[in-house]
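> take a look and give me a structure for this.
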Amino acid sequence: MKGIAGAVILGLGLSMCGTARAQEDSAAPSIAVIPEDQQATKEELAKLIGLMRVKQQMSSMTRTMPAIMQQQFQQQMEQMKKDYPQMSSLTEEQQQAMSKVMSSFMERAMNLYSSDEIVADATALYRRHLSRPDVEATIVFYSSPAGQHVLDMVPAVMQEMLPAMMQKLQGRMRPLILEMTKQMAEIATSGEGKSTQK
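All right, here's what the predicted structure looks like:
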């Protein structure tokens, strides 16, 4: 039972994090670096980052994601109990404890990369890949009513988009998680995977 529960928790964690693994042999084209004499100044980039509200958007996502993850975790647990009757032997207290642990770890994970650090890293990348004219033109746009309206809409769009993304991810990952959990349960109960002597 412990092995099955562990597999379920591992699968849930993997499915809900939804992180993409970078591959060294990726065929993505390299982005040209802007020559230093054509790069925007730190002041211009700070203005652009401020106008784009990058820090506020990152902070908002950091606050929102744990709640979304928690909701998805609860839904997945309910489905797993239907698919695997042995999961029903977990008491309500155990399920709530698991939920709290998951929520706590997700919140801690979301704070591993602070919004200040994200802004610093974004600024360095913008400086390398956006020319001064690019930055100046973007500042003009985001200073305009249209640009500000776009930024005003970002939180509402993200609020709708994140749950939709998580729902799609959950639906697409669920068959894989169930298959993984089933195979791990079979290995645990049949003794497969143990070294045998011929």
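
> what about residue 129, distance to residue 31?
Residue 129 sits 5 Å away from residue 31, going by CB to CB, to the nearest Å. Yep, even glycine has a C-beta here, placed from its N, CA and C like the rest.

> who has more neighbours, those two?
In this view residue 129 and residue 31 are compared by other CB atoms under 10 Å, and residue 129 has more residues nearby, 13 against 9.

> so who does the more buried one touch?
Going by CB atoms under 8 Å, 6 or more residues apart in numbering, residue 129 touches 31, 32, 33, 34.

> and the first one, how far from residue 44?
Just to be clear, that refers to residue 31. Using CB to CB, we find residue 31 at a distance of 20 Å from residue 44.

> equivalent analysis for the second one, please.
Distance of residue 32 to residue 44, computed by CB to CB: 19 Å.

> what helix or strand does residue 71 sit in?
helix 54-83 (DSSP states H and E).

> quick check: buried residues in the next helix-or-strand element following that helix?
Toward the C-terminal end, the helix or strand that comes next after helix 54-83 (DSSP H and E) is helix 92-110. By 16 or more other CB atoms under 10 Å, the buried positions in helix 92-110 come out as 95, 98, 102, 103, 106, 107, 109, 110.

> residue 189: which of those is nearest?
Residue 189 lies nearest to residue 98 out of the buried residues of helix 92-110, by CB to CB, at 21.8 Å.

> how about the helices in this protein?
Using DSSP state H, the helices of the chain run over residues 2-17, 42-52, 54-83, 92-110, 115-129, 132-143, 145-190.

> coming back round to it: compare the contacts of residue 129 and tell me which is most surrounded.
In terms of neighbours by other CB under 10 Å, these top out with residue 34 at 18 neighbours.

> quick one, grab the pLDDT at that one.
Listed pLDDT for residue 34 reads 93.

> isn't residue 59 up against residue 115?
Yes: under the criterion of CB atoms under 8 Å, residue 59 makes contact with residue 115 at 4.8 Å.

> by mean pLDDT, which helix or strand of the protein comes out lowest?
The helix or strand of the chain with the poorest confidence is helix 2-17; it has a mean of 43 (mean pLDDT, DSSP states H and E).

> separation between residue 169 and residue 155?
21 Å.
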